[in-house]
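Colleague: okay, predicted coordinates and the sequence, questions at the end:
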Amino acid sequence: MNDGTQGRPYRRGSLRHDFAARSARHGRRGHPLNLVATVLVEGTSTFGDSDHHLTCFGAFEVDIVDDEPVFTCHHRSTIEDADRLDLLGELGSLCTDRHVVLGSADAYETFWDRRHILRDGLTYIDTIAALETGEPSGLTLLGTPESTMIELASSFELPNCYQTDLSRQARFAAVRAQLTWLAYITTRASRSEARSLFAAYRAYQAIERAKPLPF
């Protein structure tokens, strides 16, 4: 049965056009062509004898280039109010036109801990809306049990990021972002795709560890 749309180009604004546009952002694999996994940490922390508003994000970019993943890690933190908007603006720019996988710095161990995920999701959306830097192409709120995150950290020789202290959450935000991506792949990718992405990530780790320490 012909519904009158067969052979017609997709009209901008139509459901079929929107679906086609979203699909075009994915490569031959299921992994989005441009993805960033991120963890946002904000709150009041004590440094010295005074309290400061701490703002931090860890972000792990994964771009599929010529069918291969390219990784870039970011870690930004400040306790200066004057620098906060610039830091958040950088996060907004990283997320523009990318699929965002948003993790939480807090552990998810019980059903009630899902409030961390929902809270962080609302905070992130409100932040991006206020910045007006541009919208992500998609958003996944990742709720992975902390036991799985700990297993992934062990498997990939990453630090255990189960932290409750705000300053330590900020310190490990970049590692937490990498674990967020690894958890996303574990739950979303096929076995063959996950194997390929994990192998590429291990190669990236080896290169990063071989770099000389800055002085």
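Modeller: All right, it came through fine. Numbering: from 1, shown residues only.

Colleague: relative to Thr140, how far out is Leu179?
Modeller: 14 Å (Cβ to Cβ, to the nearest Å). Where C-beta positions appear, they are placed from N, C-alpha and C, glycine not excepted.

Colleague: higher neighbour count, those two?
Modeller: Leu179 (27 against 19; other Cβ atoms under 10 Å).

Colleague: any idea where the helices of this structure begin and end?
Modeller: 15-24, 81-95, 114-131, 146-155, 166-171, 173-188, 191-210 (DSSP state H).

Colleague: deepest of the ones you listed, which one?
Modeller: Most buried of these by mean neighbour count (mean count of other Cβ atoms under 10 Å) is helix 173-188; its value is a mean of 23.

Colleague: give the buried residues for whichever strand in the chain runs longest.
Modeller: Longest strand in the chain, counting residues (DSSP state E): strand 50-65. Residues of strand 50-65 classed as buried: 52, 54-62, 64 (neighbour count, 16 or more other Cβ atoms under 10 Å).

Colleague: chain center to that strand, what's the gap?
Modeller: How far strand 50-65 lies from its chain's middle: 9 Å, per Cα atoms, centre = their mean, to the nearest Å.

Colleague: how about that strand as PDB, C-alpha atoms only?
Modeller: Provided in PDB are the C-alpha atoms of strand 50-65 (Å, rounded to 0.1, in the frame of the first residue of the first chain):
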ATOM      1  CA  SER A  50      36.700  29.300  54.100                       C
ATOM      2  CA  ASP A  51      33.900  27.700  52.000                       C
ATOM      3  CA  HIS A  52      34.000  28.000  48.200                       C
ATOM      4  CA  HIS A  53      31.600  27.100  45.400                       C
ATOM      5  CA  LEU A  54      33.400  24.300  43.400                       C
ATOM      6  CA  THR A  55      32.500  23.700  39.800                       C
ATOM      7  CA  CYS A  56      34.100  20.900  37.900                       C
ATOM      8  CA  PHE A  57      33.500  18.700  34.900                       C
ATOM      9  CA  GLY A  58      35.200  15.600  33.500                       C
ATOM     10  CA  ALA A  59      34.500  14.900  29.800                       C
ATOM     11  CA  PHE A  60      35.500  12.000  27.500                       C
ATOM     12  CA  GLU A  61      35.100  12.700  23.800                       C
ATOM     13  CA  VAL A  62      34.800   9.800  21.400                       C
ATOM     14  CA  ASP A  63      34.600  10.600  17.700                       C
ATOM     15  CA  ILE A  64      34.400   7.900  15.100                       C
ATOM     16  CA  VAL A  65      36.700   8.900  12.300                       C
END
